[in-house]
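J.: Sequence and computational prediction follow.
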Amino acid sequence: MAQTVSEFVIGRLREWGVRRVFGFPGDGIGEFDGMLGKAERAGEGLEYIRPTHEEICALMATAHAKFTGEVGVCVATSSPGGFHMINGLYDAKMDNQPVVAIIGQQGLNSFGTFNQQESNLEQAFSDVAEYVQTIVSPEQAQAVVDTAFRTAITRKQPCVIVLPHDVQGMNMAEPGAEMWVSRSSAVAPSTAISPPLEQLQAAADIINAGQRVTFLVGAGADGATEEVLEAARLSGAGVITTLRGKQVVPGDIPFHTQQVGLLGSRPSYDQMQDCDTLVLLGTNYPYGQFLPKTGQARAIQIDIRPEQLGLRYPTEVSIWADVKTALAGLLPLLGQKDDLAWQKKVAGKMRDWEDELAAQAEKHYDNGVNPRRVYAELNKRLPAGAIVTCDAGTTADWYGHYIRLRDGMRGDLSGRLATMLAAMPYAEAAKFAYPDRTVVCTIGDGAFQMLGMNELITLKKYLSKWDDPTFVVLVLHNNDLTQVSWEMRTEDANPVWWTSQDVESVDYAGWARLLGFQGITVTSDDEVEAAWDAALAHRGVTVIDAHTSKNVPPLPPHITYEFAKNTGLALLKGDPDGIGVIKDSATSLITEGVERVKDALHLDRDSHEK
């Protein structure tokens with residue numbers, strides 16, 4: 001029998017190295033789905049993972065790309081399914097991940113006739129996709145599929161293939177040597193771009209001349225850990241990682257001061273204030289207020305995305321290359337610094353900071369478990385090779401402050417899109433990619449109610465597929481959209497508005513037990529250690545329902561006057577949690593042993609309303 005277009009596309013996906021797709025069925029993609037089933041029965045198919053929503057499919061495909069370095073693939077039906085995928089595809093776009101989405105469409109004759117579920121999908125996906133194309137004939141299928149994969153790999157962006165229902169079932173035709181017909185190949189292009197020697201020498205000269213060198217390392221340096229560390233040792237540099245770059249540099253490197261910014265460390269802030277040389281490696285870090293002042297530092301940037309070079313800080317040398325290849329060429333040009341005083345100073349400040357964090361984690365609060373304690377105890381127990389995810393709420397603050405990913409561990413979250421929805425889909429995708437590893441998802445109760453609770457059903461469906469079924473979900477249960485509540489106070493000087501911020505309390509541990517999982521409720525600090533011990537020892541899914549305080553402030557390492565003023569004014573305007581916020585903020589500040597917010601919570605109303 002002749003091969004159909006759908007069968008050809010499935011075979012082509014396999015040629016591109018695809019082993020797994022994340023999909024949700026529907027009539028618009030029905031013939032393609034049918035051929036996926038046929039291939040599975042023949043033992044020649046792809047692993048088809050079906051979560052509870054198309055948006056999760058796209059988020060899981062993005063996470064698959066992040067955790068494996070492969071192209072993530074998601075599949076959905078026409079308009080409704082495809083539109084659901086858009087947010088997840090924006091996650092891939094913003095975080096520079098290679099993802100290919102295959103979207104069904106109504107038949108060719110429906111185009112432009114306002115038929116049911118017939119929409120202009122090319123227009124709809126034109127902003128999120130680097131390449132979006134409808135396959136309108138069998139002869140065109142090969143070139144469209146290959147172009148989507150080549151573009152996704154080289155541009156590190158999502159691409160969309162629109163596949164009309166009738167085309168899905170047409171007999172495949174071999175492209176001929178004719179006008180307007182492209183004959184393409186399923187051969188992955190190289191992305192190991194090597195820069196010119198003169199650029200590398202210019203970068204080396206700047207680094208060699210620097211006395212206080214700081215590396216800011218992002219997720220674009222993934223795979224270049226050894227080169228980054230060797231360059232830092234030669235140059236005596238301190239190392240800061242972005243939140244998504246956390247896994248690039250092991251957390252036990254003494255001169256690695258973790259993150260910088262609102263959820264960063266004070267040693268990282270100090271590095272940015274004092275460095276005379278800044279080396280940006282695979283990062284498009286967007287928070288310019290935490291970078292050195294213009295003219296303070298000589299700067300070098302290496303990035304695979306040329307449009308991001310020199311965009312966040314004025315650079316003297318901008319190198320278009322992948323970080324690993326560029327550093328391999330740079331290392332022989334770097335001299336060994338004799339004076340390592342800067343690096344030792346950085347390491348000393350980090351030791352002090354770790355002591356401060358440990359002290360904060362031991363503090364008790366009247367209105368719930370200390371969330372810092374929960375993360376500190378998790379960090380002590382992370383097994384080798386563990387994978388940790390978090391959402392974009394306060395879980396990201398505590399993840400940044402306390403989780404130290406040792407060599408071989410991985411961790412990630414939605415970065416520049418900063419979506420709360422990604423923690424569970426990311427954790428699930430990580431488990432499918434590494435079924436023998438422990439995966440820990442840390443998530444707030446607001447995010448858990450969005451795309452977390454329903455995905456426990458997906459875990460139940462696929463649990464038996466994993467070599468090690470250990471999967472832990474930590475829910476920070478405080479009945480509040482906490483990150484947004486603090487943003488209302490600190491950014492806009494507004495009191496919390498419960499109508500928008502309240503999260504309905506749910507027995508999350510009970511929901512886990514209803515599904516046959518282990519559910520553990522934690523209501524006091526004294527129960528935290530036992531909860532983690534039980535969860536990590538359990539060969540299955542565990543939900544830790546931790547009733548944490550919503551008033552523990554995710555304080556930045558350097559508090560500006562604006563931050564302090566806005567917080568004070570928000571409380572004076574009648575914040576419903578005002579007393580708790582004042583008390584718990586004071587506890588945190590006293591523990592830190594510094595006057596980082598002098599009188600911040602006792603501002604005089606009149607003096608700040610003039």
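T.: Arrived safely, thanks for sending. Numbering: from 1, shown residues only.

J.: Pretty sure E356 sits in a strand.
T.: No. Judged by DSSP: H, G, I helix; E, B strand; the rest coil, E356 forms no part of a strand; its state is helix.

J.: Would you check how far apart it and V369 are?
T.: To V369, E356 is 20 Å away according to Cβ to Cβ, to the nearest Å. The C-beta positions use only the backbone N, C-alpha and C, and glycine is treated the same way.

J.: Run through the residues that contact the most centrally placed residue in the chain.
T.: The centre of the chain sits closest to L413, judged by Cα atoms, centre = their mean, with a distance of 2.4 Å. By Cβ atoms under 8 Å, 6 or more residues apart in numbering, the contact list for L413 reads L243, R244, T389, C390, D391, A392, A396, Y399, A422, A423, Y426.

J.: one more time with 6 Å
T.: C390 (Cβ atoms under 6 Å, 6 or more residues apart in numbering).

J.: Tell me the pLDDT of it.
T.: Predicted confidence (pLDDT) at L413: the value is 93.

J.: cool, T458 as well?
T.: Reading off the model, T458 has pLDDT 97.

J.: do S607 as well
T.: For S607, pLDDT reads 31.

J.: number of nearby residues for D339?
T.: Other residues near D339 number 9, with proximity taken as other Cβ atoms under 10 Å.

J.: Name the nearest residue to it, sequence neighbours excluded.
T.: G236 (6.9 Å; Cβ to Cβ, 6 or more residues apart in numbering).

J.: The one you found reaches Q336, doesn't it?
T.: No. Counting by Cβ atoms under 6 Å, G236 does not reach Q336; the two are 8.6 Å apart.

J.: which of the two has more neighbours?
T.: Legend: neighbour count by other Cβ under 10 Å for G236 and Q336, higher for G236 (22 against 10).

J.: Stretch 341-358: how far from the chain's middle?
T.: Here the centre of stretch 341-358 is set off from its chain's centre by 26 Å, with Cα atoms, centre = their mean, to the nearest Å.

J.: got it, and stretch 322-334?
T.: Per Cα atoms, centre = their mean, the centroid offset for stretch 322-334 relative to its chain is 26 Å.

J.: One more: stretch 334-352?
T.: Centroid separation for stretch 334-352 versus its chain: 30 Å, with Cα atoms, centre = their mean.

J.: Tell me how far A237 lies from E230.
T.: 11 Å.

J.: Settle it for me: which of those two has more neighbours?
T.: Taking neighbours as other Cβ under 10 Å, A237 and E230 compare with A237 leading, 28 against 16.

J.: Next one: the nearest residue to that one once chain neighbours are set aside from V323, what distance?
T.: By the measure of Cβ to Cβ, 6+ apart, the closest residue to A237 outside its immediate chain neighbours is V213, 4.0 Å from it. Remark: distance between V213 and V323 (Cβ to Cβ) = 16 Å.

J.: between the two, who's got more neighbours?
T.: Per other Cβ under 10 Å, whichever of V213 and V323 has more neighbours is V213, with 29 against 26.

J.: so what's the more buried one up against?
T.: Residues in contact with V213 (Cβ under 6 Å, 6+ apart) are I207, S235, A237, T277.

J.: Check what pLDDT the nearest residue to R539 once chain neighbours are set aside gets.
T.: Among residues not flanking R539 along the chain, P469 sits closest, at 5.4 Å (Cβ to Cβ, 6+ apart). In this model, P469 is scored at 96, pLDDT.

J.: Give me the spatial nearest neighbour of R14, chain neighbours excluded.
T.: Counting by Cβ to Cβ, 6+ apart, the residue nearest R14 is L46, at 7.0 Å.
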